[in-house]
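Predicted coordinates and the sequence they were generated for:
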Amino acid sequence: MRAYSLIAPAKINFYLEIIGDRPDGYHELAMVMQSVSLADQIDLRANGIEQFRLTCDHPEVPADQTNLAYKAATLMAQQFPQAFQTYGAVDIAIHKRIPVGAGLAGGSTDAAAVLVGLDLIWKLGLTQPEIQQLGARLGSDVPFCVTGGTAIATGRGERLAPLAALDPLYVVLAKYRSLSVSTAWAYTTYRQQFGHTYTQTDGLEGRRQRVHSGAMVLAVSHNDGKAIAQHLHNDLEKIVLPALPQVQQLRAELAHLSSLGAMMSGSGPSVFALATSRANAETIQAELKAALPDPDLEVWVAQTIASGIQLKQ
Ligand code: C5P
C-alpha cells in the first residue's frame, strides 16, 4: 500500500519541572506526559515525484518547508536516500484538530506521524527507538508523540520511561483561539527570572535524583485520578500566567469548576481540567462557556489514551 492515514494525538503534561540549564542550551526537565484523544489526522500518499508536498486545512499552519511535518519528511529523505530514490516523495495532508501554539504538541505529533508513515511507505522496518531518535532531532516532544500513552520524560524531554496505562481519565481542554505562546520565549523568560535557582551543569546529576515528580509518578502508578489531580504541576505557569491574565482567569475558572484540578499544559496557553466522567467533563465544558462567554474561547472534551501514532482503522 502506498497511502496511509494516521491518527496523531495531542499530549498534556501532568507534571513539568525545570531543573536547570543543559550544556546544549536547552533545559533539563522532569515531566510526566500523557496522550489525549484530541488528535490530528495525517494522510500520506506516494506522489511519484521527488518533491514532498504539504497541505493543511488550518489557515494558521504554514504549508511549506517551515512546517515540522515537512522537516520530518526531509530528514527521512536525507537519512534513507536509497528508499527515497526507490519509492519517491509523498503528499502530506494535515487535518488539524489540535489547537495551534497551544502547548499540546500539535506540530510535534504531526512530525511523529510523518516519521511513522514514511517508515511504512518506504518499507524501512525501523524500530520505535530508531524512529524516536530521528524524532529527537526535530523537537523535544517528538519522541514521546511516537509512542504516546503515559511516560516520564527527562533530559530535554526526549528520554522516555513508559508508565503503565491509566484507566481513561476525562479531560476538558480550553484555549483562546487568538492566543499562542512561543515555547522558546517561555523557556528564555523562565531562565531570565529563575536562572539563579538553576542547578549548575556539574550538579545536574545530583539534582536529577532530587526531582519532585515522585508523588505524581506514584499517583500514576496507582492509577489514582484524584491523586494525579492533586499533584499537577507546571513550572512554566510562573511565566505564562502573569503574562496572559486571560489565561490566568481561565485556569482559575477551570480549577473552580473541576472537583479534581486544572493546570496549564506545556508552555501553554491551553489549560486542562480533569473530570470524573464524560458527563462531568461535559458539564464543566458547558459551565465554562457560560462563565466565560467569549467566542474566542474553544473548549474540548477528550480522554486520556494509551497510544501515540496509530494507523487510522
Ligand atoms: O525542542 P523544541 O524545538 O520543541 O523546543 C523549542 C524551544 O523550547 C527550544 O528552542 C528551547 O528554547 C526551548 N526548550 C528548552 N528546553 C527544553 C525544551 C525546549 O529550553 N527541554
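Cool, got the structure.

What is the neighbour count of Val100?
Residues near Val100, counting by other Cβ atoms under 10 Å, number 16. No exception for glycine: its C-beta is placed from N, CA and C like everyone else's.

Likewise for Gly117?
Gly117: 27 neighbours (other Cβ under 10 Å).

what do you get for the one 3 residues further on?
Residues contacting Leu120 under the criterion other Cβ under 10 Å number 16.

again with Gly20
19.

can you start the count at 3 instead of 1 from here on
Happy to do that; since the first residue is 3 now, the last one works out to Gly22.

A strand includes it, no?
Yes. Per DSSP: H, G, I helix; E, B strand; the rest coil, Gly22 lies within a strand segment.

Surely it is in contact with Leu31?
No. Assessed by Cβ atoms under 8 Å, Gly22 is found out of contact with Leu31, at 9.5 Å.

how near is Gly27 to Arg193?
When Cβ to Cβ, to the nearest Å is the yardstick, Gly27 and Arg193 sit 10 Å from each other.

Between the two, which is the more surrounded one?
Neighbour count, other Cβ under 10 Å: between Gly27 and Arg193, Arg193 has more, with 16 against 8.

Correct me if wrong, but the more buried one is in a helix.
Yes. Assignment of Arg193 by three-state DSSP places it within a helix.

residues in contact with it?
Contact partners of Arg193, counting by Cβ atoms under 8 Å, 6 or more residues apart in numbering, are Asp23, His29, Tyr200.

Let me know the next secondary structure element after the helix or strand where Tyr6 lies.
According to DSSP states H and E, Tyr6 maps onto strand 5-23. Later in the chain than strand 5-23, the nearest helix or strand by DSSP H and E is strand 29-48.

and that following strand, C-alpha only, in CSV?
Only the C-alpha atoms of strand 29-48 are listed here, as CSV (Å, rounded to 0.1, in the frame of the first residue of the first chain):
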residue,chain,number,x,y,z
HIS,A,29,16.6,23.0,29.8
GLU,A,30,16.9,19.8,31.8
LEU,A,31,13.4,18.7,32.6
ALA,A,32,11.4,16.2,34.6
MET,A,33,8.0,15.6,33.1
VAL,A,34,5.1,13.3,33.2
MET,A,35,3.4,13.3,29.7
GLN,A,36,0.0,11.9,28.8
SER,A,37,-1.6,11.4,25.3
VAL,A,38,-5.2,12.5,24.9
SER,A,39,-7.8,11.6,22.3
LEU,A,40,-7.9,15.1,20.7
ALA,A,41,-5.9,14.3,17.5
ASP,A,42,-4.9,15.4,14.1
GLN,A,43,-5.2,13.1,11.1
ILE,A,44,-2.3,12.9,8.7
ASP,A,45,-2.8,11.4,5.2
LEU,A,46,0.3,10.3,3.4
ARG,A,47,0.2,9.3,-0.3
ALA,A,48,3.2,8.4,-2.5
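
And the ligand, is it touching that?
Yes. Counting by Cβ under 6 Å from any ligand atom, the ligand is contacted by strand 29-48 at His29, Leu31.

Let me know the average pLDDT across that strand.
Mean pLDDT, strand 29-48: 97.

check whether the strand holding Tyr6 contacts the ligand.
No. Judged by Cβ under 6 Å from any ligand atom, strand 5-23 stays clear of the ligand, getting no closer than 8.0 Å.

hang on, Leu165 packs against Ala153?
Yes. In terms of Cβ under 8 Å, Leu165 counts as a neighbour of Ala153; the distance is 5.9 Å.
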